[in-house]
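**Student:** here's my sequence, what's the structure:
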Amino acid sequence: MRVWLLILLAVAPALAFPSNPEARRIALDGTRNTRGLGGLPTAGGTLASGKLIRSGALCFASRADAEKLLGMGLKTILELRLDSEIAKDGPDKAYLTAPLKKLHWPMANSHGLGREAYQSYLEDNRPLIRDFFALLAKPETYPLLFHCSAGKDRTGILTALLLESLGTPREVILDDYIHSRRITPRLKVEEDWIAEVFKAVDKAGGIEPYLFGLGVTPEQLAAVRTNLISKSH
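**Tutor:** Here you go, the predicted model:
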C-alpha cells in the first residue's frame, strides 16, 4: 500500500486536473480549508460545479463569509462535529445557518488520530455514511456544504467515498485530500490515513458493493451520479 501511495504522489503533480484544489478554494475570513468540488474528473464527465463544498467548521465565519456562501445559493449545511467540539469552539454562526437547512450528524471515532481512527470512522459510522448518500440522492439538497472541525478527516473520508462513487481517479482523490496540508501545514494529514478508505472499498470488492453493504440502494447511488456528474459531450 505504501509503494502504491508513493507512485500516486509522484504522478499526481504531473497530471493536468480539470480543476486543481487551490483553484477551487473559497477564500473566507473564518476558516482556511474551504473548497468546492466542482470540476473534478468523474466517470463520463466532471463533477458539476456549484453543488458541493467541503469545509472546516463555520463557528468563526464572518458576516462577509456568510454573504459569500449564501450568494452561492447554498441550501444545506451538514455538520459532523461532536457536541463537545461545538461546546468548545461554538456553533456555526446563526447568520449563516438560519436561512438554510442545517443538519447535525456527529461523526465519532474511538481511536483519536491516525490509521486506526480512520478505520474506526468507517466502521462506527456506517449508518451515517448510508444517510450521507441518501442525502446526496435528493436534488433539493444542493448546493450542500459539509464540514467537521478542521475539514480534513471526517470531511475527507466522506469526500473520498463520494468521489470513489463517481469514478474519480484515486490520484485525484488523494491530491484533493492532501491539499488540506498545503493550505495549513500544521494540519496532520497523512496519505496512509486516507488509504484506509481505499482499503475498505477494495476489501468489499469495489465502491458499489461497499455502499450497498451499508444499505445504500442502487437507485440512490444512480440518483447521486445523476445529480452530480456533468456529462462530457
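
**Student:** so what's the residue count around residue 57?
**Tutor:** Other residues near residue 57 come to 24 when the count uses other Cβ atoms under 10 Å. (C-beta placed from N, C-alpha, C; glycine too.)

**Student:** which elements pack onto the helix or strand where residue 203 lies?
**Tutor:** In this assignment (DSSP states H and E), residue 203 forms part of helix 191-204. Helix 191-204 sits against helix 2-11, helix 115-124, helix 154-165, helix 170-183, helix 207-214, with contacts defined as 3 or more Cβ pairs under 8 Å, 6 or more residues apart in numbering; DSSP states H and E.

**Student:** quick one: distance of it to the chain centre.
**Tutor:** With Cα atoms, centre = their mean, to the nearest Å as the basis, helix 191-204 stands 15 Å off its chain's centre.

**Student:** for that helix, buried residues please.
**Tutor:** Across helix 191-204, burial judged by 16 or more other Cβ atoms under 10 Å covers 191, 193-198, 200-201.

**Student:** could I get the average pLDDT for it?
**Tutor:** In this model, helix 191-204 carries a mean pLDDT of 98.

**Student:** repeat that for stretch 158-166.
**Tutor:** So the average pLDDT for stretch 158-166 ends up being 99.

**Student:** OK, contacts around the most centrally placed residue in the chain?
**Tutor:** Geometric centre of the chain, nearest residue: residue 159, 2.7 Å, by Cα atoms, centre = their mean. Residue 159 makes contact with 37, 54, 173, 176-177, according to Cβ atoms under 8 Å, 6 or more residues apart in numbering.

**Student:** switch to 6 Å and redo it
**Tutor:** Shown in contact with residue 159 (Cβ atoms under 6 Å, 6 or more residues apart in numbering): residue 54.

**Student:** from residue 78, how far out is it?
**Tutor:** 12 Å (Cβ to Cβ, to the nearest Å).

**Student:** next: residue 96.
**Tutor:** Taking Cβ to Cβ, one finds residue 96 at 13 Å from residue 78.

**Student:** good, we can wrap up now.
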